[in-house]
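Trainee: Fold the following and give me the result.
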Amino acid sequence: QLKTLTPSERSALERFLKALEANRERDPKCAAVKRLLINERWLDRGCIVFSQYFDSVWWLATQLSQELPEETIGVYAGAARSGLMKQGAFSTASREELKTMVRKDQLRSLLGTDAASEGLNLQRLGTLINFDLPWNPSRLEQRKGRIQRIGQIRDTVDICNLRYAGSVEDRVRQLLSS
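Mentor: All right, here's what the predicted structure looks like:
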């Protein structure tokens, strides 16, 4: 049963929501992804970005589509949610189509939930960004295994694990690293 909020609790929650909305466009993780893809030229080498959450994948695809309007961005999630984002417009595409596009160098960026962390051969991509870190270390290895595998055309692959400093996920990274 839900608790009835007091006027001061309701006011505090409304202020919190406004603060979240106001800072939505200035998310440091999104800025880091854009910097890596554009300034560090990770997009040229092909990149997969992982998040545990479909909402994060969708939001990031929307942000990148605005920043890179001519770029086609793949969204790899549950079967009914997979597709392509270009110029802010989404069109459904099967996960098989996305894999084929990566293999044929027709898709340089793929944003995926953990649905993309197993059973995919994405060795045409040379970079990986973990937008958030899984709690299970084997899940992190599964993600890395999508690009670091036999057939990888590069001698090295680059991986970036994003986290908010001082957050729970920062602590998770510390534990995973140890």
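Trainee: contacts, neighbours, all on C-alpha from now
Mentor: Noted.
Trainee: need the next SSE after the longest helix anywhere in the chain, C-terminal direction.
Mentor: Determined from DSSP state H, the single longest helix within the chain is helix 7-22. Toward the C-terminal end, the helix or strand that comes next after helix 7-22 (DSSP states H and E) is helix 28-34.
Trainee: Who are the packing partners of that next one?
Mentor: Counting contacts by 3 or more Cα pairs under 8 Å, 6 or more residues apart in numbering; DSSP states H and E, helix 28-34 is packed against helix 54-67.
Trainee: Could you verify that Gly74 is part of a strand?
Mentor: Yes: using DSSP: H, G, I helix; E, B strand; the rest coil, the assignment for Gly74 is a strand.
Trainee: What pLDDT is listed against it?
Mentor: Looking at Gly74, its pLDDT stands at 96.
Trainee: would you list every one of the strands in the protein?
Mentor: With strands called from DSSP state E, the chain shows them at 47-50, 73-76, 83-86, 89-92, 109-112, 127-130, 158-161.
Trainee: want to throw those strands into JSON lines with distance to Arg171 and mean neighbour count?
Mentor: Converted to JSON lines, the strands of the chain look like this (distance: least, Cα to Cα, whole Å; neighbours: other Cα atoms under 10 Å):
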{"stretch": "strand 47-50", "distance to Arg171": "19", "mean neighbour count": "28"}
{"stretch": "strand 73-76", "distance to Arg171": "28", "mean neighbour count": "29"}
{"stretch": "strand 83-86", "distance to Arg171": "33", "mean neighbour count": "21"}
{"stretch": "strand 89-92", "distance to Arg171": "35", "mean neighbour count": "14"}
{"stretch": "strand 109-112", "distance to Arg171": "23", "mean neighbour count": "27"}
{"stretch": "strand 127-130", "distance to Arg171": "15", "mean neighbour count": "24"}
{"stretch": "strand 158-161", "distance to Arg171": "13", "mean neighbour count": "15"}
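Trainee: Thank you, goodbye.
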